[in-house]
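can you look at this prediction? I've put the sequence above it.
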Amino acid sequence: MTRGAMLLTVSAALVGVGNYGLSVFLVHALSASDYTLYSVLSSVLLSVGTLAGATVPWVLAREVALDVAGGPRRRTSVRFCLRLSLGLALICAVVACGAVVPCAGPGLLAGMAASCLAVWVNSVGAGYLQGCR
């Protein structure tokens, strides 16, 4: 197994164990209604992350891989994908917040919107790194 594949395997295993540990901790630390709210927010963010991971990164990775470091095509692609991800983050934030507005207060809605933005912007970084590899 190559070094990169080993790192991906280990990181996926660590994320899985950490997620399971967090869930077990929260089951005991939160009341039933609070844990339900956490589950709803987590599920919506999982959907946002899945969408973000399936759209922007592969487009940017392809463009980065086809151009030389610092080339005009690469710079244009990164700028375009950043703008695209900001627009899609806004749309996802509106939809995600609309989905959880019946059970979440203003603080959680702001956190949801900020999380959507972070997920989408990080997808650009992931695509860039994939293309450089």
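Alright, I've got the coordinates.

which SS state does the residue most central in space within the chain fall under?
Nearest to the geometric centre of the chain sits residue 119, at 3.1 Å (Cα atoms, centre = their mean). Residue 119 carries the three-state label helix when classified by DSSP: H, G, I helix; E, B strand; the rest coil.

touching, it and residue 47? I think so.
No: using Cβ atoms under 8 Å, residue 119 and residue 47 do not qualify as a contacting pair, with a distance of 10.3 Å. For the C-beta atoms, the positions are set from N, CA and C on the backbone; glycine is no exception.

where does pLDDT dip in this protein?
Applying pLDDT under 70 to the predicted model, the residue ranges of the chain that meet it are 1, 4.

which residues in it form helices?
Using DSSP state H, the helices of the chain run over residues 3-29, 32-66, 72-100, 106-132.

report the buried residues of the longest one.
Residues of helix 32-66 classed as buried under the neighbour-count rule (16 or more other Cβ atoms under 10 Å) are 37-38, 40-41, 44-45, 48-49, 51-53, 55-57, 59-61, 63-64.
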